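Trainee: okay, structure incoming, though there's no sequence with it:
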């Protein structure tokens, strides 16, 4: 209403000049119109700057990650103990260092010759590095790089195997194992047997197979018992129906039906723990000599397979009361491999089900030649696991031709064989974790606004790298 009166006054006084009040009101109207427009322009400008900053931060995180993957953790660590001139993780870096605030020691140490080398002895504590003033596009940022292996020291559930069955027991990941360093041995005459690399979890397949047999027997037994009850009940139903028909025909009341039997209850299945305790796993190594069909030259023939024996399970074994057994074998991971030269055999040996069940496993070694061999039983137990004192080993063939080495105590039966446990340098190679060989790390890149004291996070990028 006021605005309408104001416009009307302007029309009626168009030949008169604008008064001061009219000028002020005009300015107010213009401000009401243009101030929001100016604010929107300012907001749009800020959004554009923030989007550009976010894009630069994302690109910077990706660039740093690619550089980290190329360098590996060892050379990344050395970058933070070099000079600005040699620094290649970011452009225009003003400062950089390793974060030792958690009390960890430096990730770089001096070797025997005084050279800087990466210290890979840290297990679960992460390696953290920071750098400031990193340039990307028209922006400047602060960045942290975190290497962590803790995620790979816990159990993970593997993909079920080929045989249908229950979800398998959690399986350990690569960083959990103690490895043998094979670099000290002649690759030409050293054979490596590793059932795990076949890609098949034989423990899971065997347990699933025996469990299926056990369940099938109990189910078949239950259905047979149900059939007996149903046949008896059907007879009662049939006789009752006849009696009713006769009573109706004679005009008499219908009789009362005899009671029928209830269906039997199925026996409960054995749980995994009970079943595991009744399974014995045997890993067999067979060494023989054969004649090469092509050149007619003798060669060593190496064969290995794993067998699982089920003991004293009702219905599955032929006669459980006499401790009858049922055996299932798996082959293919080392199937009659021919070697021109052979003096050492490594069996990468992991526990059955868990490290607490070594009483259920044994190794069988058959040497059908007159040659001497070093047999290394490399237990791939989790890092820090105390090894059992008596791993059963059964040897056969020619006497005094085998020298056995292992981190664990061995209980040997059969032919005479020399036993060595951590006495020589070769045995120590079995017990020492070599974390520089294919160690897996989670890598996280954090990009912060420059000068925010690593508080204003702009972008995060996580990936997995393998340190060779």
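Mentor: Looks like it came in fine. These figures come from a predicted structure and were not determined experimentally. Numbering: from 1, shown residues only.

Trainee: got the phi and psi for residue 99?
Mentor: Dihedral angles of residue 99 (phi, psi; degrees, to the nearest 10) stand at phi -80, psi 110.

Trainee: before we move on, what about residue 285?
Mentor: phi -120, psi 120.

Trainee: report the beta-bridge partners for it.
Mentor: Beta bridges link residue 285 to residue 304, residue 365, judged by DSSP bridges.

Trainee: wait, residue 89 sits on residue 67?
Mentor: Yes - assessed by C-beta atoms under 8 Å, residue 89 is found in contact with residue 67 at 5.5 Å. C-beta here means a position set from N, CA and C on the backbone, and glycine is covered the same way.

Trainee: more crowded one of these two?
Mentor: A direct count of neighbours by other C-beta atoms under 10 Å for residue 89 and residue 67 places residue 89 higher, at 19 against 16.

Trainee: so what's the more buried one up against?
Mentor: Residues near residue 89 by C-beta atoms under 8 Å, 6 or more residues apart in numbering: 64, 67, 68, 71, 76, 79, 96, 131, 145.

Trainee: how does it look with 10 Å?
Mentor: Residue 89 makes contacts with 63-64, 67-68, 71, 76, 79-80, 96, 129, 131, 134, 143, 145, as judged by C-beta atoms under 10 Å, 6 or more residues apart in numbering.

Trainee: mark which of the residues you listed are part of helices, please.
Mentor: Cross-referencing those against helices under DSSP state H gives 63, 64, 67, 68, 71, 76, 79.

Trainee: so for those, which is the shakiest by pLDDT?
Mentor: Minimum pLDDT for the ones in helices among the contacts of residue 89 is recorded at residue 71 (85).

Trainee: skipping adjacent residues, who's closest to that one in space?
Mentor: Leaving aside its chain neighbours, residue 71 sits nearest to residue 79 (7.1 Å; criterion: C-beta to C-beta, 6 or more residues apart in numbering).

Trainee: the one you found reaches residue 96, doesn't it?
Mentor: Yes - Residue 79 lies in contact with residue 96 (C-beta atoms under 10 Å); the separation is 7.8 Å.

Trainee: quick check: neighbours shared by those two?
Mentor: Joint contacts of residue 79 and residue 96 (C-beta under 10 Å, 6+ apart) are 87, 89, 90, 129, 131, 145.

Trainee: could you identify which of those has the most neighbours?
Mentor: Highest count within the shared contacts of residue 79 and residue 96 by other C-beta under 10 Å belongs to residue 145, 27 neighbours.

Trainee: for the strand or helix carrying residue 333, which residues meet the burial criterion?
Mentor: Taking DSSP states H and E as the definition, residue 333 sits inside strand 325-339. By 16 or more other C-beta atoms under 10 Å, the buried positions in strand 325-339 come out as 325, 326, 328, 330, 333, 334, 339.

Trainee: same question, stretch 393-400
Mentor: Buried residues in stretch 393-400, counted by 16+ other C-beta under 10 Å: 393, 394, 395, 397.

Trainee: how about a markdown table for those, with pLDDT added?
Mentor: Formatted as a markdown table, those follow (pLDDT from 0 to 100):
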| residue | pLDDT |
| --- | --- |
| 393 | 89 |
| 394 | 90 |
| 395 | 89 |
| 397 | 80 |
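
Trainee: what's the closest non-adjacent residue to residue 308?
Mentor: Residue nearest to residue 308 in three dimensions, not counting chain neighbours: residue 206, with 3.8 Å by C-beta to C-beta, 6+ apart.

Trainee: repeat for residue 267
Mentor: In space, and not counting its chain neighbours, residue 267 is closest to residue 218: 5.0 Å by C-beta to C-beta, 6+ apart.

Trainee: burial measure for the residue nearest to residue 71, as a count.
Mentor: If you count neighbours by other C-beta under 10 Å, residue 79 ends up with 22.

Trainee: OK, contacts around it?
Mentor: Contacts of residue 79 (C-beta under 10 Å, 6+ apart): 67-68, 71, 86-90, 93, 96, 108, 129, 131, 145.

Trainee: now residue 135: how far from residue 84?
Mentor: As defined by C-beta to C-beta, to the nearest Å, residue 135 lies at a distance of 13 Å from residue 84.

Trainee: pull up the overlap in contacts between the two.
Mentor: Common neighbours of residue 135 and residue 84, counting by C-beta under 10 Å, 6+ apart, are 92, 93, 94.

Trainee: so where's the stretch 301-450 of the chain uncertain?
Mentor: Scanning the stretch 301-450 of the chain with the threshold set as pLDDT under 70 gives 315-323, 351-359, 381-389, 399-400, 416, 418-439.
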